[in-house]
Structure formats: C-alpha cells, structure tokens
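# Starting from these lines, generate the structure:
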Amino acid sequence: MTASIPAYSLLLRWLLLAGLILFGAWVSWDQGILQNILLSDPTRITLIIGVTFIAASGHCAFRSLYLSTEQEALQRIIQALGLSDKPLNKGSSLLDSSLTGEFLRGLLQKPTEPETVRDAQLLAQVMAEQARGQHEAGWFISGLLIKLGLLGTVIGFVLMLAPVAELESFDLADIQGLLQRMTGGMGVALNTTLLGLVCSMLLGLQYLMLDRAADRLVAAAVHLAETRLTANSGGD
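Numbering: from 1, shown residues only. Here you go, the predicted model:
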C-alpha cells in the first residue's frame, strides 16, 4: 500500500487519455465524419451530446488534478514517517488540510476505547465519500448520454416514417423524394446512437480511472493508520 507512486500519475494518465480522444476527434473532423454527423442532425441532439461530453471531461480533468494532489499529500506523510520512528500525534504538522491528514487527525482525536474501531470505519467512509462522491454525477451523465442517443434513435425513426403517411401516389419522383427523407431520418437515428454510445464509453472510462484512484487513496490512508497509529497516539 505504501509503495511509491510517480508524482501526479493520475493526472498524467488522464492527459494521455484526453490526448488520444482529441486525436481521434481531429481525425474524424479531418475526414468529415463529425461535420456530417452534426450538420445532418436537425434535432441538434448530437450537438447536445458533444457539449455534455466536453463539459463532463472538464470535470474529470479537475478531479484528476484534485486526486493527484491528495495522493501527493499522502506520499509526503508516508515519506516523512519513514524517516522517523515516532508515532503520529494530533498536533503533528504532517496532518495538513488534505483528506488523509483530516482522516488521521480524526482518528487521533478519538479516545483509546473499543469503539475506536467503529469510529475508524466511519471516518474511512467519510473520506471515501469525499474522495469519490462527486463522481456519481459523472456516472449519471454517462448514462444520460446513452439515453440521449436512444432518444435520437426514436426521433430519427419518427422522421423516417413520417413521410410515408404523406405519400399520395407511387410515382417515381415521389418514391425518390420519400427515400431521400427516409434516409435523412435513418441518419439521425444512427448518428445520435453512435455518438451517444462512444461518448458514454469514453466518459465512463475516465470516471472509472478516477474511482480506482480514489479507492487506492482511501486504502493507502487506512493502511497507514493501521500500521503507524499506536494505542498511545491519541495523546498530545
């Protein structure tokens, strides 16, 4: 649990993933795929999906920086304790305003009684909530992107089938116009579904990365507390 982790490794991994996403978007734009998807959608659902994905990815960038900073604070505490055999106390300068510092300080302020184990579990749950609580909104947005894609599918099929009711004759010109309008509706259905699924998967990958980093942070903090806090560390 206490193995050294490269500085800001989470942020670097997110930047690598974001770079790959941007490269894929640039290739799609260069080939005219994105323009075709956006311009052929009269419902503008694909535009909403794209803007929502970009905004949620920005939130992922902020969270990756935050968790990377928290991981660095934890590593500083571990490194400082590795240079000293003294147990922690609640007045230690190592316990700064980081999540790990607040967790350890909360443990040190508890009396040395059997209830301390239960208190430690509650404090760990609080830390876990602070570390990954905001990610729930991201998972909701990831599911919302799929639902927007499915909404576009339904609307696309409605647009595709609506011209059939307006067909009054089976002239060749009328059939050609009908097929063109049906093709446009089918394009809306397929494009919105495709974009919704791709954006949902990419966003889910980002939040999965954040969740795993938050879990590792909490696990490392709990391991540090179990191995370095002693029964007499509750005093000053």
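# element containing the residue nearest the centre of the chain?
Here the mean C-alpha position of the chain is nearest to the C-alpha of Y207 (Cα atoms, centre = their mean), at a distance of 2.3 Å. Per DSSP states H and E, Y207 falls inside helix 172-228.
# Show me what that helix is packed against.
The helices and strands touching helix 172-228, judged by 3 or more Cβ pairs under 8 Å, 6 or more residues apart in numbering; DSSP states H and E, are helix 9-30, helix 33-39, helix 45-82, helix 99-108, helix 115-132, helix 135-166. All C-beta spots, glycine's among them, are computed from the backbone N, C-alpha and C.
# Please identify the buried residues of the second one?
Translated: helix 33-39. L34, I37 (16 or more other Cβ atoms under 10 Å).
# so what's A137 up against?
Taking Cβ atoms under 8 Å, 6 or more residues apart in numbering as the contact definition, A137 lies against H59.
# re the thing from before, and the pLDDT at the residue nearest to the centre of the chain?
We have a pLDDT of 95 for Y207.
# so it touches G143, yeah?
No. In this structure Y207 lies outside contact range of G143 using Cβ atoms under 8 Å: 11.0 Å.
# Run through the protein and note the low-pLDDT ranges.
For the chain, the stretches flagged by pLDDT under 70 are 1-5, 82-96, 110-119, 162-179, 228-236.
# Not including adjacent chain positions, what is the nearest residue to the residue nearest to the centre of the chain?
Leaving aside its chain neighbours, Y207 sits nearest to G138 (4.4 Å; criterion: Cβ to Cβ, 6 or more residues apart in numbering).
# again, but for S98
S98's closest residue in space is A73 (Cβ to Cβ, 6+ apart), at 3.5 Å.
# likewise W29?
Excluding its sequence neighbours, the residue lying closest to W29 (Cβ to Cβ, 6+ apart) is Q35, at 6.8 Å.
# Number of residues surrounding A7?
Here the count is done by other Cβ atoms under 10 Å, and A7 has 11 residues near it.
# tell me the SS of it?
Under DSSP: H, G, I helix; E, B strand; the rest coil, the three-state class of A7 is coil.
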